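# Following is a predicted model, sequence given first.
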Amino acid sequence: MDYSKRNRAVHAIDLLNDFVGDCVASVMVLHEYRRILHGDEEQITALVAIQKMCLSYLILTLNKWLEFYDKYSAIIPDELRVECKALTKTLRQKKVNQFRNKCIGHIWDKTNQRPLHNSEINENLDIIVGDDLEGFLDWANNPKGNVYPNTFLSIVEELRNRLMKDYNCSYEEIKSQ
């Protein structure tokens, strides 16, 4: 086995572990706060802020997948290649990268030389989420069942587990990165 390829796999597994944690945390925090604050009109401002934070973090993670795919697609096992490529295509169609570049962490619309309007941010977010926030969250991480290849999380976990098996990696080795 080529050491450099194995070394790349160890780094890929470490990144995929981060994606798992980021995806689980952002979706679960949002679900929990929506449950806790459901119907509490006095807390709507807090819920909007938490939703913004969780969706931004989730979208950052989805964007990291695009970069991961560009850098590590060569080590994706053939049996998982179709699903990984389809996920990448979906994220590109949803314009995840454009949302990250334009809306997350920025206040200024460079094209129009003015502040971004909330309506514009929401329009860009709608490209990713659609009219179904719950459906989007379930597509990212469905706590009731992350069945491969139906969710982002299931694809990431399947790839991570397969790389660990194929390259004979241990959790201790990954944690030491």
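Looks like it arrived, so ask away.
# Spell out the secondary structure type for the residue nearest to residue 81 when sequence neighbours are not counted.
Spatial nearest neighbour of residue 81, excluding adjacent residues (CB to CB, 6 or more residues apart in numbering): residue 73 at 8.0 Å. Bear in mind the C-beta positions are built from the backbone N, C-alpha and C, glycine included. Recorded secondary structure, residue 73: helix (DSSP: H, G, I helix; E, B strand; the rest coil).
# where's residue 73 relative to residue 90, distance?
With distances taken as CB to CB, to the nearest Å, residue 73 is found 15 Å from residue 90.
# Disregarding flanking residues, what is the spatial nearest neighbour of the residue most central in space within the chain?
With distances taken as CA atoms, centre = their mean, residue 62 lies nearest the centre of the chain, 2.9 Å away. Distances taken as CB to CB, 6+ apart place residue 96 nearest to residue 62, at 4.8 Å, with adjacent residues excluded.
# any idea how far the residue nearest to the centre of the chain is from residue 90?
For residue 62, the distance to residue 90 - CB to CB - is 9 Å.
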